[in-house]
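Student: Give me a 3D structure for the following:
(one chain, ligands or ions: 1)
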Amino acid sequence: MEGGSKFPGIIGLNNHVNNYDDLSQGFYHKLGEGTNMSIDSFSSLQTSNGGGSVAMSVDNSSVGSNESHTRILNHQGLRRRANDNYSVAHSVNRRGRVSHALSDDALARALMDSNSPTEGLENFDEWTIDLRKLNMGDAFAQGAFGKLYRGTYNGEEVAIKILERPENDPEKAQVMEQQFQQEVMMLATLKHPNIVRFIGACRKPMVWCIVTEYAKGGSVRQFLTKRQNRSVPLKLAVKQALDVARGMAYVHRLGLIHRDLKSDNLLIFSDKSIKIADFGVARIEVQTEGMTPETGTYRWMAPSLIALTDDISWINWEMIQHRPYTQKVDVYSFGIVLWELVTGMLPFQNMTAVQAAFAVVNKGARPIIPNDCLPVLGEIMTRCWDANPDVRPPLAEVVAMLEHAETEIMTTVRKARFSGYYVAKLAVVMWIFDVYVYMPALFSFVSLREGSSAPESFYFSQMMLHSVLIALVF
Ligand SMILES: Nc1ncnc2c1ncn2[C@@H]1O[C@H](COP(=O)(O)OP(=O)(O)OP(=O)(O)O)[C@@H](O)[C@H]1O
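Tutor: Residues are numbered from 1 along each chain as shown. Here you go, the predicted model:
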């Protein structure tokens, strides 16, 4: 590994929004919508922006206390960078995708260029990728911040996220670097069967890269889209929900918040297990309100977070009485993800992302729980997306509730199998009885009363009935 600038660590949290209007306008333009929305306009605006992956960021956390800074900056040996007092108002944010100046090929070449120095990761040196062991494949996905490539590292199949350092825009570069460091720090810290496994990262002059294990099954959102809104079999839905809840309970146990939990960030592996990805905006939880509100995706975002991330002109502040930055914002998103898994549908699919945000914040709208939903799952959803974060259960409790639901489902399935087994047995006995007892008895009876055909037709209809029954059972 060659020398170069080192990881400066997480940036401070005392950023300011310089121009809220600019930001929100840009966002609305991107969505092609006006800002003068009302709930009444929903019925006439039935457009959906697909996965609704409208990523966003507004930074208005000028209320950050020194205490919260200290707590964050002391974590994991991180230190404050020289100039952390910048604004993201004019820089990259997760409202719009980062446009790449370089083509897919050029991005990959910039990473693999052996003539440019590879920079190390301060405090995470052991995680620096050895590019000689990395084989780049094709680009397969585009996130808000980076482009995703398939490849191998040391022979193992991997996903390589490449972030392009914006030229001639140091402010934007700083924000992206923050995002990069954030993700590396989180991934290096988190080790759990339901968190995507970190393999390494590195920085080159033009690009940064993050390498993780590759999920063959893609994201949960892709999986549900492929199923065309058909619900996932209940047993699988609960198993997948449990994977997410266990992963998130672990994240929360470490005092962290994901902040961007959504089905696009849940990856499916070949053993059908789910792992949580995209820790670019995850944060260390603090008790004050001083954290930088950034990203998330409206359809999955807790009302208190929405209120901080967009044009506040339409926010009904009476509905937003709670601190945004607690782990409860992830619990809210989990409720939406659970609903998605159970129904197979995109949340608020007849609304645009902004309409959904408006309805959630101002009207207390939530997805409709289907009538046939297992009551315990309905209860988990309702509690998780309660407007009052204090009512939302901790994810450890959600895990326990889901484990209980899983047991209930298994017991019901076993009972159904058990009764099916006995019906099948009875059918076979009836059929044997027909062939070996009833038929010979009937024919001997008929032969005694020659000329009568009535019992025969009765017998055959009986046989038919029993055969149909057996066919149905099997
Ligand atoms: N390890 C992986 N294996 C397979 N697919 C992945 C992996 N990591 C990410 N993806 C896919 O790439 C997409 C974008 O990745 P990621 O979320 O990390 O990028 P991002 O720039 O942070 O974007 P966003 O904030 O919009 O989610 C994901 O939604 C997922 O479908």
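
Student: how about the residues of the stretch 101-250 of the chain that lie near the ligand?
Tutor: With CB under 6 Å from any ligand atom as the criterion, the stretch 101-250 of the chain meets the ligand at residues 141, 143-146, 148, 159, 161, 196, 212, 214-215, 218-219. Just so you know, the C-beta spots here come from the backbone N, C-alpha and C atoms, and that holds for glycine as well.

Student: swap the cut-off to 5 Å and go again
Tutor: 141, 143-146, 148, 159, 212, 214-215, 219 (CB under 5 Å from any ligand atom).

Student: top helix in this protein by residue count?
Tutor: Longest helix of the chain, by residue count under DSSP state H: helix 395-433.

Student: Let's test this: mean pLDDT of it, rounded?
Tutor: Helix 395-433 shows an average pLDDT of 81 in the prediction.

Student: Tell me how far the residue in the chain positioned nearest to the ligand lies from Ala173.
Tutor: Closest residue of the chain to the ligand, CB to the nearest ligand atom: Gly143 (2.1 Å). As judged by CB to CB, to the nearest Å, Gly143 and Ala173 stand 17 Å apart.

Student: In TSV, list the residues of the stretch 101-250 of the chain next to the ligand along with neighbour count, secondary structure and distance to Asn265.
Tutor: Below are those laid out as TSV (neighbours: other CB atoms under 10 Å; DSSP: H, G, I helix; E, B strand; the rest coil; distance: CB to CB, whole Å):
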residue	neighbour count	secondary structure	distance to Asn265
Ala141	15	strand	12
Gly143	19	coil	9
Ala144	24	coil	11
Phe145	25	coil	12
Gly146	27	coil	13
Leu148	17	strand	12
Ala159	21	strand	13
Thr212	24	strand	12
Tyr214	23	coil	15
Ala215	19	coil	11
Ser219	21	strand	7
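
Student: Kindly present those as TSV, with separate columns for pLDDT.
Tutor: Output for those, formatted as TSV (pLDDT from 0 to 100):
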residue	pLDDT
Ala141	89
Gly143	75
Ala144	71
Phe145	71
Gly146	78
Leu148	93
Ala159	96
Thr212	97
Tyr214	97
Ala215	97
Ser219	95
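
Student: for the stretch 51-200 of the chain, which spans come out with low pLDDT?
Tutor: Applying pLDDT under 70 to the stretch 51-200 of the chain flags residues 51-102.

Student: same thing but at 80, please
Tutor: Scanning the stretch 51-200 of the chain for pLDDT under 80 picks out 51-105, 120-124, 143-146, 172, 175-176, 178-179.

Student: which residues in it form strands?
Tutor: 134-142, 147-153, 156-164, 198-203 (DSSP state E, counting those that start in this stretch).

Student: rewinding a little: for the longest helix of the chain, packing partners?
Tutor: Under the contact definition 3 or more CB pairs under 8 Å, 6 or more residues apart in numbering; DSSP states H and E, helix 395-433 sits against helix 234-253, helix 328-343, helix 375-384, helix 454-473.

Student: Determine which stretch of the strands of the stretch 51-200 of the chain is the most buried.
Tutor: A comparison of the strands of the stretch 51-200 of the chain by mean neighbour count, using mean count of other CB atoms under 10 Å, puts strand 198-203 on top with a mean of 23.

Student: Strand 156-164 and that strand, what's the angle between them?
Tutor: 30 degrees (axes from the mean of the first three to the mean of the last three CA atoms, to 10 degrees).

Student: what residues does strand 198-203 touch?
Tutor: Contact partners of strand 198-203, identified using CB atoms under 8 Å, 6 or more residues apart in numbering, comprise 4-5, 118-121, 124, 127-131, 153, 156, 158, 180, 184, 187-188, 190, 208-213.

Student: and if you look at stretch 370-388?
Tutor: Stretch 370-388 has contacts (CB under 8 Å, 6+ apart) with 234, 238, 241, 303, 319, 322, 331-332, 334-336, 338-339, 342-343, 364, 366-367, 369, 391-393, 398, 401-402, 404-405, 408-409.

Student: Is it possible to mark the buried ones in these?
Tutor: Burial by neighbour count, 16 or more other CB atoms under 10 Å: within the contacts of stretch 370-388 this picks out 234, 238, 241, 303, 319, 322, 331-332, 334-336, 338-339, 342-343, 366-367, 369, 392-393, 398, 401-402, 405, 409.

Student: hang on, the earlier thing: could the helices and strands packed on helix 395-433 go into a markdown table alongside mean pLDDT?
Tutor: Formatted as a markdown table, those follow (pLDDT from 0 to 100):
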| stretch | mean pLDDT |
| --- | --- |
| helix 234-253 | 96 |
| helix 328-343 | 95 |
| helix 375-384 | 96 |
| helix 454-473 | 68 |
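
Student: okay, the ones you listed in a markdown table with distance to Thr225 next?
Tutor: Converted to a markdown table, the helices and strands packed on helix 395-433 look like this (distance: least, CB to CB, whole Å):
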| stretch | distance to Thr225 |
| --- | --- |
| helix 234-253 | 15 |
| helix 328-343 | 11 |
| helix 375-384 | 21 |
| helix 454-473 | 35 |
